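>>> Predicted model, plus sequence, below.
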Amino acid sequence: AEYGLTPEQFYVLDILILRGGSTTIGDIVDMTLRPHNSISTLIARMAKRGLVERKRSRRDKRSYEITITKIGQALFQKVTRKSIEMAFATLSKEDKRKLSSILKILLTRGYELSGTQYKFTEESVPCGA
């Protein structure tokens with residue numbers, strides 16, 4: 001809130017950064033497990049603020065490519081993953097391991113329920129465990 005970003009907007013910027021600066025709305029939908037129309041509305045608001053650009057995909061005219069702008073990158077850098085790491089720094093290594101394990105179980109089940117498979121990476125679970 002201090003930077004004028006909702007948690008959802010920050011998450012979209014984070015996804016874009018992790019994807020090298022751009023991805024599709026479909027990819028964001030898959031990562032967030034939120035409805036397509038909800039993500040489209042969120043992206044439209046972010047584009048209006050100049051945080052992202054939305055362009056039709058050259059490969060598939062029904063799809064949009066979402067790219068983070070310099071404004072979005074600058075804002076994201078202010079609210080870096082450091083703030084998340086600082087919040088999790090209060091946990092012991094054992095607590096982080098337990099939390100990571102529980103989050104992986106919940107994420108796995110969430111993806112199973114949505115009919116999607118997901119491979120975990122270091123960035124999948126933010127507690128750094």
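Perfect, I can see it now.
>>> C-alpha from now on. contacts and neighbour counts both.
Fine.
>>> hang on, T67 is in a helix, isn't it?
No - with DSSP: H, G, I helix; E, B strand; the rest coil as the criterion, T67 is located in strand rather than a helix.
>>> how about Y64, phi and psi?
phi -120, psi 140 (degrees, to the nearest 10).
>>> ok, the closest residue to it other than its chain neighbours to M46 distance?
Spatially, and ignoring its direct neighbours in sequence, Y64 is nearest to R56 (4.4 Å; C-alpha to C-alpha, 6 or more residues apart in numbering). According to C-alpha to C-alpha, to the nearest Å, R56 stands 16 Å off from M46.
>>> so where do the helices sit in the protein?
7-18, 25-32, 36-48, 70-78, 81-88, 93-114 (DSSP state H).
>>> distance between the longest one and the chain's centre?
Spelled out, it's helix 93-114. 16 Å (C-alpha atoms, centre = their mean, to the nearest Å).
>>> can you check stretch 85-105 too?
Relative to its parent chain, stretch 85-105 has a centroid offset of 19 Å by C-alpha atoms, centre = their mean.
>>> Could you do stretch 46-58 as well?
Here the centre of stretch 46-58 is set off from its chain's centre by 16 Å, with C-alpha atoms, centre = their mean.
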